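Trainee: Sequence first, then the predicted structure, then my questions.
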Number of protein chains: 2
Amino acid sequence: MTDPVLGTLYGLGVGPGDPELITLKALRILKSVPVLAWPAPLEGESLARSIAAPHLDGHHIEIAIRMPMDVKRFPAQQVYDDAALTIADHLKAGRDVAVLCEGDPFFYGSFMYLFGRLSDQFTVEVVPGVSSLMATAAATGAPLAARNDVLTILPAPLDEDVLIKRLEEIDAAAIIKIGRHLPKLRRALEATGLMDQARYIGHATMGDRQTVCALSDYPHETAPYFSMVLVHRRRDAWINGVGEAAE
Amino acid sequence: MTDPVLGTLYGLGVGPGDPELITLKALRILKSVPVLAWPAPLEGESLARSIAAPHLDGHHIEIAIRMPMDVKRFPAQQVYDDAALTIADHLKAGRDVAVLCEGDPFFYGSFMYLFGRLSDQFTVEVVPGVSSLMATAAATGAPLAARNDVLTILPAPLDEDVLIKRLEEIDAAAIIKIGRHLPKLRRALEATGLMDQARYIGHATMGDRQTVCALSDYPHETAPYFSMVLVHRRRDAWINGVGEAAE
């Protein structure tokens, strides 16, 4: 068992963007811990921290974990190694540390890289959060999946032939990590005849910044990293998502 | 546009079980609306209402939507028709109505049946919630999916041959709606060689009632409706979920 004088590491899901979509539990822990860590780009604001910001009162020690996004083969391991050492020092000194995670910590989140480095030595608690997956469905006004539909979560960085093969078999799909992979994704959707059933959602819970439109109407060649495309094979899913019969 | 004197219908995600995993937004709306509706079995307690119960003060008008679970071809449409009429009466009288939804309203939730009946006439707002999908990953202490893994959500009521075909292609899968379909699911996992990588999770966020074990160690022939099985093809995903390289 872990020595009780050690601090606890929390992976804290802070939700998809709207600060009001944080849970009571995450808020309680956020307010109680002395140390916060959060991922951020090399320069500029951390999305996770900006979500938590309205709930912060300035008493925290803060650790920025700065990582370039959309850059292939960057030596990310070194950044996580360094962050884990810094966090471990606080935990060894008996200070609890909360890592702020956009959405949910274990849904394709970078928290796993810290979890993998620290969970052998320290007590770790993961606090699940509202994922962008759920936020995008709420924003489109249509169920993500219903009845016995299979729902497939597809990372857009996959190779085009893999995307096509997977899309051919979907009932419903949520495509994540779009970024610079949007042109390839468009080709894969055209190739599988699904473009007309694809919706683009950006900043799902962020009020005026929210974008919800047919993907074919989205005018740009790239998309924010935290955007998503939802696809339903049944066209009527967009209309009322209900079909003719309950289970 | 909707007449402003009409009430608003809220689909309120109350999270996966722990009442502290409700969001600030859902709690605010819960406290402000005069009317609550919630799904329940024909007899007995509503899970959604029990999650919200610690936050209720007795001022609400409450509508029980009682439905037998695990019964095939029950005339569910009539139950939803009746509930929609009752809810519509409140909305027409200018009273906001919140429908309590376990987890997230649009992740395989029954809220869509009310949404489909009422969203043409009334303003509907869906408040996303922490899904059981995220809660089970937190309970197992391993990422649901990572890097460019494809994550497949599989409803257990699918036919055995469909389950087998889908399982053959997974990187990671979350199997939902298990209930009486557990023996069939076990056969499908054995047939695809994935039984050793399958974990059972019940009552993920419910403290003493939580069950997390290898599916092969789960001793029963059926499972609660709100349980889940997670499967990772890579065995090391259970150990640290990290693999050797960040993206």
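Mentor: Received it, and whenever you're ready, just let me know what you need.
Trainee: Wait, residue A:180 touches residue A:225, no?
Mentor: No - if you go by Cβ atoms under 8 Å, residue A:180 and residue A:225 don't touch, sitting 9.3 Å apart. Any C-beta I mention is one placed from the backbone N, CA and C, and that applies to glycine too.
Trainee: Next, give phi and psi for residue A:100.
Mentor: phi -80, psi 130 (degrees, to the nearest 10).
Trainee: per-residue pLDDT, it?
Mentor: Listed pLDDT for residue A:100 reads 98.
Trainee: residues contacting it?
Mentor: Counting by Cβ atoms under 8 Å, 6 or more residues apart in numbering or on different chains, residue A:100 makes contact with A:12, A:14, A:30, A:36-39, A:46, A:48-49, A:51-52.
Trainee: Try it again at 7 Å.
Mentor: The neighbourhood of residue A:100, defined by Cβ atoms under 7 Å, 6 or more residues apart in numbering or on different chains, consists of A:12, A:14, A:36, A:38, A:48-49, A:52.
Trainee: mind checking how far it is from residue A:53?
Mentor: 10 Å (Cβ to Cβ, to the nearest Å).
Trainee: Briefly note if stretch A:219-239 comes near chain B.
Mentor: No - residues of stretch A:219-239 are not located near chain B by Cβ under 7 Å from any Cβ of the partner chain, the shortest gap being 8.9 Å.
Trainee: Is chain B within reach of stretch A:206-213?
Mentor: No - figure legend: stretch A:206-213 not in contact with chain B (Cβ under 7 Å from any Cβ); closest approach 12.4 Å.
Trainee: before we move on, what about stretch A:23-30?
Mentor: Yes - contact of stretch A:23-30 with chain B (Cβ under 7 Å from any Cβ) involves A:23-25, A:27.
Trainee: longest single helix anywhere in chain A?
Mentor: Ranked by residue count under DSSP state H, the longest helix found in chain A is helix A:76-92.
Trainee: average pLDDT for that one?
Mentor: 94.
Trainee: for that helix, packing partners?
Mentor: strand A:35-40, strand A:61-66, strand A:97-101, helix A:111-118 (3 or more Cβ pairs under 7 Å, 6 or more residues apart in numbering or on different chains; DSSP states H and E).
Trainee: Could you identify which of the ones you listed is most buried?
Mentor: strand A:97-101 (a mean of 28; mean count of other Cβ atoms under 10 Å in any protein chain shown).
Trainee: That one pairs with which strands, and in what direction?
Mentor: strand A:9-13 (parallel), strand A:35-40 (parallel) (DSSP bridges).
Trainee: Export those to CSV and append columns for mean pLDDT.
Mentor: Shown next, in CSV, are the strands paired with strand A:97-101 (pLDDT from 0 to 100):
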stretch, mean pLDDT
strand A:9-13, 98
strand A:35-40, 96
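Trainee: nearest to residue A:105, of the ones you listed?
Mentor: strand A:9-13 (3.7 Å; Cβ to Cβ).
Trainee: Please parse chain A into its domains.
Mentor: A:9-130, A:133-239 (automatic domain parsing).
Trainee: Please enumerate the helices of chain A.
Mentor: Under DSSP H, chain A gives helices at A:24-32, A:47-52, A:76-92, A:111-118, A:132-140, A:160-168, A:182-191, A:236-239.
Trainee: Just say which of those helices is most tucked in.
Mentor: With a mean of 27, the top stretch among the helices of chain A by mean neighbour count (mean count of other Cβ under 10 Å) is helix A:132-140.
Trainee: what packs against it?
Mentor: Counting by 3+ Cβ pairs under 7 Å, 6+ apart, helix A:132-140 packs on strand A:198-202, strand A:227-232.
Trainee: any idea which residue sits dead centre in chain A?
Mentor: residue A:103 (4.7 Å; Cα atoms, centre = their mean).
Trainee: these two touch, right, it and residue A:129?
Mentor: Yes - using Cβ atoms under 7 Å, residue A:103 is in contact with residue A:129, at 5.7 Å.
Trainee: what's the overlap in contacts for those two?
Mentor: Common neighbours of residue A:103 and residue A:129 (Cβ under 7 Å, 6+ apart) are A:13, A:15.
Trainee: can you list the weak-confidence ranges in chain A?
Mentor: A:1-4, A:69-75, A:235-247 (pLDDT under 70).
Trainee: let's see 90
Mentor: A:1-5, A:41-44, A:67-78, A:109-110, A:137-147, A:202-211, A:224-227, A:233-247 (pLDDT under 90).
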